[in-house]
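S.K.: sequence-free structure coming up:
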């Protein structure tokens, strides 16, 4: 009985992967989702053409997931440095921390990034296909 349930679980997992792949392809091909185009063969072969198309649309490009993508360094820099886009508690309140608490590396010396990789994981040099 365990084998049947494992096969069902694997089939369900594989079906979900293929559905996600189909959804990305459909969004790239028929809905004009530029971010989804990056995962197609064409986008992997020449991502710079996709980046140019994204830049032509404007600084912010909507995606199929309802979020936004940008090719603007200024916007990325502003978002990544803003505390408004940080972690929020379940109540919706942003926890206030001092810069010392936020970047205290004394307790995580054993998991600090090294030249071998980050946190003990080997450094990945190839791009996944």
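M.R.: Structure received. What you see is a predicted model, and the numbers here were worked out from it, not measured in a lab.

S.K.: and the strands in this protein?
M.R.: Remark: strands assigned in the chain by DSSP state E are 60-62, 68-70.

S.K.: could you list the residues in contact with the first one?
M.R.: Read it as strand 60-62. Contacts to strand 60-62, defined as C-beta atoms under 8 Å, 6 or more residues apart in numbering, come from residues 34, 35, 54, 68, 69, 70, 71, 72, 75. Where you see a C-beta, it was placed from the backbone N, CA and C, and this is true even at glycine.

S.K.: make a PyMOL selection of whichever of these turn out to be buried.
M.R.: Those of those that count as buried under 16 or more other C-beta atoms under 10 Å are selected in PyMOL with:
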select buried, resi 34+35+54+70+71
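
S.K.: longest helix in this protein, by number of residues?
M.R.: Among the segments of the chain that qualify as a helix by DSSP state H, the longest is helix 2-30.

S.K.: mean confidence for that helix?
M.R.: Averaged across helix 2-30, the pLDDT comes to 88.

S.K.: what helices and strands are in contact with it?
M.R.: helix 34-37 (3 or more C-beta pairs under 8 Å, 6 or more residues apart in numbering; DSSP states H and E).

S.K.: which helices and strands sit right next to the helix it packs on?
M.R.: Using 3+ C-beta pairs under 8 Å, 6+ apart as the contact test, the elements touching helix 34-37 are helix 2-30, helix 47-57.

S.K.: cool, thanks, signing off.
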